[in-house]
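S.K.: Based on what follows, work out the 3D shape:
(one chain, ligands or ions: 1)
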Amino acid sequence: MTLFTAGGTLQTPSWSALVNKLTVIDCELCNSVGGLLLWQDDFCRVVLIDDNDYPGFCRVILNRHVKEMTELSAEERTRLMHKVFAVETAIRALAAPDKINLACLGNAVPHVHWHVIPRWRDDRHFPKPVWAPAERAAMPRPKPDARALALRLHQLIQS
Ligand SMILES: [Zn+2]
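M.R.: Residues are numbered from 1 along each chain as shown. Coordinates of the predicted model:
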């Protein structure tokens, strides 16, 4: 593809830049917040997922469209993981799960995001991942208060 700039100069954008632009257009995490927004800055955001089986399930989503963690600088990786661990701490405090699962897959949506998933020994999939076939019927669980979760998260991120 060849493009002309306003000044009339010929410019050939790289193939990878075009592919990335097309991917962004289709990307659900570029086109939506991705859940109930609990916290955000110019780099990433934390959203609460409405999931009755896993109350407190959150995602930490990078704001810009990047496919792999290794595309981030070392400083950015640390910055992102700081938020992931803050979310883990907040979920542990408010949902008291038996275990936390951290996952960064991106197979379906290749835009860096971390799943922070509270797990219970009697949840639908335990001890398997939440994406595996269910092991048992769902157990009703109380949902942590979203405002309390957001407040705890703000405190942890600022500390
Ligand atoms: Zn994206």
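S.K.: Can you tell me which residues in the protein are near the ion?
M.R.: Selection of the chain residues close to the ion by Cβ under 5 Å from the ion yields 27, 29, 30, 65, 111. Where you see a C-beta, it was placed from the backbone N, CA and C, and this is true even at glycine.
S.K.: Per-residue confidence at the fourth one, what does it come out as?
M.R.: At residue 65 the predicted local confidence, pLDDT, stands at 96.
S.K.: OK, contacts around it?
M.R.: Going by Cβ atoms under 8 Å, 6 or more residues apart in numbering, residue 65 touches 20, 23, 24, 27, 29, 30, 111.
S.K.: now with 6 Å?
M.R.: Listed by Cβ atoms under 6 Å, 6 or more residues apart in numbering, the contact partners of residue 65 are 24, 27, 30, 111.
S.K.: Does the second one touch residue 111 like I think?
M.R.: If I follow you right, that is residue 27. Yes. With contact taken as Cβ atoms under 6 Å, residue 27 and residue 111 are classed as touching, separated by 5.2 Å.
S.K.: could you give me the average pLDDT of whichever strand or helix holds residue 23?
M.R.: Assignment of secondary structure by DSSP states H and E places residue 23 within helix 15-26. Helix 15-26 shows a mean pLDDT of 72 in the predicted model.
S.K.: got it, and stretch 109-121?
M.R.: 97.
S.K.: Which pLDDT value does the model give residue 140?
M.R.: 89.
S.K.: strand partners of the strand ranked longest in the chain, parallel vs antiparallel please.
M.R.: Longest strand in the chain by number of residues (criterion: DSSP state E): strand 113-119. Its sheet considered, strand 113-119 pairs with strand 58-62 (antiparallel), strand 99-103 (antiparallel) by DSSP bridges.
S.K.: Give me the packing partners of the very next helix or strand once past it, helices and strands only.
M.R.: Beyond strand 113-119 in the direction of the C-terminus, DSSP H and E gives the next helix or strand as helix 146-158. Judged by 3 or more Cβ pairs under 6 Å, 6 or more residues apart in numbering; DSSP states H and E, helix 146-158 is in contact with strand 36-40, helix 74-95.
S.K.: Next, format the ones you listed as JSON lines and append mean neighbour count, mean pLDDT and distance to residue 61.
M.R.: JSON lines is the format used below for the helices and strands packed on helix 146-158 (neighbours: other Cβ atoms under 10 Å; pLDDT from 0 to 100; distance: least, Cβ to Cβ, whole Å):
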{"stretch": "strand 36-40", "mean neighbour count": "17", "mean pLDDT": "97", "distance to residue 61": "9"}
{"stretch": "helix 74-95", "mean neighbour count": "18", "mean pLDDT": "98", "distance to residue 61": "10"}
